Structure formats: C-alpha cells, structure tokens
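1. Can you look at this prediction? I've put the sequence above it.
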Amino acid sequence: MVVTILDVAIGGIMLGGIYALIAMGFSLQYGVARVLNIAHGEFIMLGAFITWTLYTVLGINPLLSLVIVGPAIFIIGFILQRTLFTRLRTSSPSPGAYEASSLLAAFGLLFVIQNVAILIWGADIRAYAYLSVPVNLGGAIFAANRLVALLFAVVIGVVFYLFLARTRMGKAIRAAAQDAATAGLMGININQVLALCFGLGALLAGVAGLLISMTFSFQPTMGLEYTIIAIIMVVLGGLGSIPGSFIGGFLLGLIGHIVTYFEPGLTLPSYYFIFTLLLLVRPTGILGK
Amino acid sequence: MLEVKNLSTFYGKIQALWDVSFSIKESEIMALVGANGAGKTTLLNTISGLLRPTSGSISFLGKRIDGLSPHTIVEMGVSHIPEGRKLFADMSVRENLEMGAYANRAWKNKGETLEQVYRLFPALKERESQLARTLSGGEQQMLAMGRGLMSRPKLCIIDEPSNGLAPKLVLEVFQIIKSLRDQGITILLVEQNVRHTLETADCACILENGRLALEGTCSALLEMEHVKKAYLGL
C-alpha cells in the first residue's frame, strides 16, 4: 500500500512538474504577450523531437541537450514574436482585435510546425530508452529517468520563479503583464519584453517536451492535446497569474497521474470534468481575481 | 526645455488636439488647465510617446521626441506620472519604485534615488514590502509620484495628482510639487483643481476643445475675466 502511494506520488509530482512548466510558458505568452498560443503544444513536440534526434543520431545525452534545445526554441519563439506577432499587434486597431488575429496566426503556426515535423521525422510514434535503469526508493521501483525528469522540472520551475521574482527583467515582465502601457512609461521596452516572454514561453514548452521524451512516447501530432491541457491548467490557476499557472499545472498533472493509475482511459475526461467544475464553482481560477 | 509646435493628435478616429503650441522653460511649473475632454491627457500621452501625433513636433532639450517610443523618451529624462496612478497593484511598494528606475540612466543609482524618495515620502518606506493594492488612496498617489521620480527626470509630467484625495492631502501634494521644482525638476502639471493649480504653478496653458485657448503667467491668468468666470466660478 505504502509502496503504491509512493509510486503514484512520485509519478504524479513528476507529471505535475512538467505540466507546471507547460502552464507557465502558456501563461507568459497569453498573460503578458497576449497571444493565445494554440501552437504551444507544437513547441513541446519540437523539444521532444530535437532531443530524440540529438540522442539517436549524434548520441548527445538528453540532459545535456537541454542547453541546445532550450536556446534553439527560445530563438524561434523570440523571432516569431518580433516578426509575425509584433506586426499583427501594431496593425491591430484594438487589443481585442489583436487577440483574435494572433489566435488565428497561432492556429496557422500549429499546422505549419506540425507538417514540417511530419516531413522531417515522419508520422510515427517515437520513444527512446535513456536512464531506464530501475531505482529502488523505499520499496517502490522507478526508472531513473522519471526521478531525473522530476528533479529537472522542479529545478527549472524554481529557477524560473526566481528569475521573475528577483531580476530586473523578471520584474519588468510582471509589470508588463499588469499594465503594458504604464510599463512603457517606466522605460521598459515593451516590444523587447513581449518577444522575451514569447521566447521564454516557447523555451519552457520545449524543455517540457525534452523531459516528456525521456519518459513517454511522442509523435508529431501530439501538440494539440497538450495545448488543450495547458489552457485548462492556466484557467485552473487563474488567467494572467504566473504563480497560479504553476499551481494549476502541478495540480492537474498530479490528479491526472492518480487517475491514470486507476483507469488510463479516464485521464482526459477527468481534466474536462475538473475544468467544467471549475467554471461552475470558481470561474476566476485558484489565484485569479 | 520642452517645445511643442503645431501639434495635432487623433484619439481613435476623433481629433483630440488641434494645432497646439507652447513651451516650458527649465525649472518652472507649467500647468495645463481645461475641462474634462479638453484634450489634456491626450496632450500628455502624446508628449510621453503613448500616442503619436498626426502633425506637428515635440522637442525636448533641443531633440525631436515625437514618434519615439515611450521607453526612449524616459531614457532622455522625461517621466510621466499617469492619471489614475496606474500602479502595478500586485507588486510590492519597493518593486513599484524599482520599476520606476528601470531606465538604464536611472538603474545604476537606484539605491541612492530610493533613499531620496523615502525621505520625501516616509510612509512608503514603512510599507516597503506591502503590495501596492493594499495602500490607501493617499499612499497610492505618493507611490505613483515616488515611482515617477525614480527615473531621475529632468521633466516630470504629472496628471491629476490630487484626484480623489482628501483636502489636507491635496495641499501636501501641491507642496511636494513645489519642492520638486525647487530641486530643479521642471514640471508639467494637469489638474482639475484650477485655483490651487494656478496658485502653485509659474505659468499655464488653458485648453478648450482640443485647442490652446489661453497661455500666460499664472498671476496674469488669475486676473482675466474669462478665467475667473469659466474656471474659478467667480
């Protein structure tokens, strides 16, 4: 019994940690950059496939490829914001019009990235074995990669939190999230901050994809499911609140893993159930106003 | 110091400013007076770069600033304390002040500037780690002003600082604005409270329906019949 609880708990915390990264990334893009990024899951997929390619073709250790995958996906996100989304933002007559046009652009991005991925990697389901040696923890047996993924998700989450809480740029991001025009009056370069947010959001998704690829299978069409989960997590935590999205992501991952333990077929329905319940009981989310 | 020439600005599809020209000299308080909707805030937003003028020019210390983005204008030494305070409500008092010093020019000296601002507004130091949303209205206005000073401005634009404050606090705000001028900061002040404003400022512009109606020293304006009737209720 204790062993089972431990087993479910470790798995749940790991999935929660990964989901928290995904949710924070989505929240940065929507809460600050005002892009409801339907293509968020595609960056997760890219992270998984780049890691896989580096590992199977070049033999680069997936944990080491963190320093390649992270910056590479950050740059893609940064450039997308600086070109596509900045142009849409400056040509939109109102913030509402921008939210609509950026949503459509993100939809387009989803199909482009997904199809390019299918062209490069094919449509098959992939997986690889890395650090799959069993580790015995108080009687429960885990693949080492799960523990490593858990550790990395927690460390990256904490580093990211400290970045937002303590650094000059992190505070500027929080200020811009609350009031972009006033942040500009403080001397903050809004276009730069928005591009940074979009890039960091993509980076978090890519890193989550890297961690997912260590423990789960993946395929080029996996993205949309994760995007939908990200939307649920961010609404659960409270739209616009980055700490809220962390909590929402963590909770949903934990609950998802527990449900999967009893009945894997019910995992996605359980997310929708929580989502519906939330909208009825507390539509503003856990930390929302 | 600031030179506005033939400025016209649209707010959405409506023209809010028509051919406005005026200038501010160093170390003086220039007041901008006018009824609601006369275009005061539009004018301030155009100067600080939040809005782009459709024609005309704005120069600050001899350099054109119209069309530049707000963060560049802040970097040049213009600080805009916006109407309604616009604090970062979910950030602490100290973080709000730090954001005020975000400009590169101000960031390196932010410790020193923070001490000065705390001397000017001791209540802010006591509430340093509280979230801005938990402050009283008066404290929020002080925070907004303190935040605006953190960028070490040469020109400080202040929009409706006395709005929603108790009469005693209103006097205090005007005292502080005078003391800023005495420290050599040039001030462009927008206020509803016309009498106090004209008594505090050195000179003033009066906007009516987006056009400059009158301009002059405050003592001269206070004597004019039109001003007495329309703005002082005499």
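-> Yep, it's here.

2. Pretty sure A:Asp124 sits against A:Gln219.
-> Yes - at 6.6 Å, A:Asp124 and A:Gln219 qualify as touching, with contact defined as Cβ atoms under 8 Å. The C-beta positions use only the backbone N, C-alpha and C, and glycine is treated the same way.

3. between those two, which one's more packed in?
-> A:Gln219 (18 against 9; other Cβ atoms under 10 Å in any protein chain shown).

4. mind listing what residue 13 touches?
-> By default, I'm working from chain A. A:150, A:254 (Cβ atoms under 8 Å, 6 or more residues apart in numbering or on different chains).

5. Need the per-residue pLDDT for it.
-> pLDDT for A:Ile13: 89.

6. Name the residues of stretch A:136-153 that come out as buried.
-> Of all the residues in stretch A:136-153, those buried under the rule 16 or more other Cβ atoms under 10 Å in any protein chain shown are A:140, A:142-143, A:145-146, A:148-150, A:152-153.

7. With stretch B:203-214 instead?
-> Applying 16+ other Cβ under 10 Å to stretch B:203-214 flags B:203-207, B:210, B:212, B:214 as buried.

8. Flag the shaky bits of the stretch 151-289 of chain A, pLDDT-wise.
-> A:289 (pLDDT under 70).

9. who in it is up against chain B?
-> A:168, A:171-172, A:174-175, A:178-179, A:181-191 (Cβ under 8 Å from any Cβ of the partner chain).

10. With the flanking residues excluded, which residue is spatially nearest to the residue in the stretch 101-250 of chain A positioned nearest to chain B?
-> Nearest residue of the stretch 101-250 of chain A to chain B, counting by Cβ to the nearest Cβ: A:Gly187, 3.3 Å away. Nearest residue to A:Gly187, sequence neighbours excluded (Cβ to Cβ, 6 or more residues apart in numbering or on different chains): B:Ala103, at 3.3 Å.

11. Could you dump the buried residues of stretch B:203-214 into TSV with secondary structure and distance to A:Arg82 added?
-> Below are the buried residues of stretch B:203-214 laid out as TSV (DSSP: H, G, I helix; E, B strand; the rest coil; distance: Cβ to Cβ, whole Å):
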residue	secondary structure	distance to A:Arg82
B:Cys203	strand	44
B:Ala204	strand	43
B:Cys205	strand	40
B:Ile206	strand	44
B:Leu207	strand	38
B:Gly210	coil	36
B:Leu212	strand	40
B:Leu214	strand	46
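
12. Please identify which pair of those lies farthest apart.
-> Greatest spacing in the buried residues of stretch B:203-214, by Cβ to Cβ: B:Cys203 and B:Gly210 (20.3 Å).

13. ok so, going back, tell me which of the residues of the stretch 151-289 of chain A next to chain B fall in helices.
-> Counted as lying in helices by DSSP state H, out of those, are A:168, A:171-172, A:174-175, A:178, A:181-185, A:190-191.

14. What would I type in PyMOL if I wanted to highlight the buried members of those residues and nothing else?
-> Command for PyMOL, covering only those of these found buried under the criterion 16+ other Cβ under 10 Å:
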select buried, chain A and resi 171+172+174+175+178+182+183+184+185+190+191
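
15. can you pull out the strands in the stretch 1-150 of chain A?
-> Using DSSP state E, counting those that start in this stretch, the strands of the stretch 1-150 of chain A run over A:134-137, A:140-143.

16. what is the mean pLDDT for the last one?
-> I take that to be strand A:140-143. Mean pLDDT, strand A:140-143: 81.

17. One more: the first one?
-> Mean per-residue pLDDT for strand A:134-137: 82.

18. just how off-centre is that strand within its chain?
-> Mean-position distance between strand A:134-137 and its chain equals 28 Å (Cα atoms, centre = their mean, to the nearest Å).

19. what about A:Gly70, neighbour count?
-> By the criterion of other Cβ under 10 Å, A:Gly70 has 19 neighbours.

20. got the contact list for the residue lying closest to it once chain neighbours are set aside?
-> The shortest distance from A:Gly70 to any non-neighbouring residue, by Cβ to Cβ, 6+ apart, is to A:Leu203 (5.2 Å). Counting by Cβ under 8 Å, 6+ apart, A:Leu203 touches A:25, A:70-71, A:73-74, A:77.

21. Where does A:Leu203 sit: helix, strand or coil?
-> What DSSP: H, G, I helix; E, B strand; the rest coil gives for A:Leu203 is helix.

22. Compare the contacts of A:Leu203 and tell me which is most surrounded.
-> So for the contacts of A:Leu203 (other Cβ under 10 Å), the most neighbours sit at A:Gly25, 32 neighbours.

23. Would you mind listing the two of the buried residues of stretch A:136-153 that lie farthest apart?
-> Among those, the pair separated by the greatest distance (Cβ to Cβ) is A:Ala140 and A:Phe152, at 20.0 Å.

24. residue contacts, B:Val4?
-> Residues near B:Val4 by Cβ under 8 Å, 6+ apart: B:20-23, B:43, B:47, B:56-58.

25. tell me which parts of chain B are close to chain A?
-> Proximity of chain B to chain A is confined to B:48-50, B:69-71, B:74-75, B:79-80, B:82, B:86, B:88-91, B:95, B:98-100, B:102-104, B:106-107, B:147, B:151 under the rule Cβ under 8 Å from any Cβ.

26. Buried ones only from these, please, as a PyMOL command.
-> Buried residues within these, by 16+ other Cβ under 10 Å, are selected in PyMOL with:
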select buried, chain B and resi 48+49+50+70+71+74+75+79+80+82+86+88+89+90+91+95+98+99+100+102+103+106+147+151
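
27. Which of the residues of chain B next to chain A fall in strands?
-> In this view, the residues of chain B next to chain A that belong to strands under DSSP state E are B:79-80.

28. Let's see which of the residues of chain B next to chain A end up in helices.
-> The members of the residues of chain B next to chain A that map onto helices under DSSP H are B:70-71, B:74-75, B:95, B:98-100, B:104, B:106-107, B:147.

29. In JSON lines: those, plus pLDDT.
-> Shown next, in JSON lines, are those (pLDDT from 0 to 100):
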{"residue": "B:Pro70", "pLDDT": "96"}
{"residue": "B:His71", "pLDDT": "96"}
{"residue": "B:Val74", "pLDDT": "96"}
{"residue": "B:Glu75", "pLDDT": "95"}
{"residue": "B:Glu95", "pLDDT": "96"}
{"residue": "B:Glu98", "pLDDT": "96"}
{"residue": "B:Met99", "pLDDT": "97"}
{"residue": "B:Gly100", "pLDDT": "96"}
{"residue": "B:Asn104", "pLDDT": "94"}
{"residue": "B:Ala106", "pLDDT": "94"}
{"residue": "B:Trp107", "pLDDT": "95"}
{"residue": "B:Arg147", "pLDDT": "97"}
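
30. pLDDT added to the buried residues of stretch B:203-214, as a markdown table?
-> Formatted as a markdown table, the buried residues of stretch B:203-214 follow (pLDDT from 0 to 100):
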| residue | pLDDT |
| --- | --- |
| B:Cys203 | 94 |
| B:Ala204 | 94 |
| B:Cys205 | 94 |
| B:Ile206 | 92 |
| B:Leu207 | 93 |
| B:Gly210 | 91 |
| B:Leu212 | 93 |
| B:Leu214 | 90 |
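
31. residues contacting B:Ile176?
-> Taking Cβ under 8 Å, 6+ apart, one finds B:120, B:145 in contact with B:Ile176.
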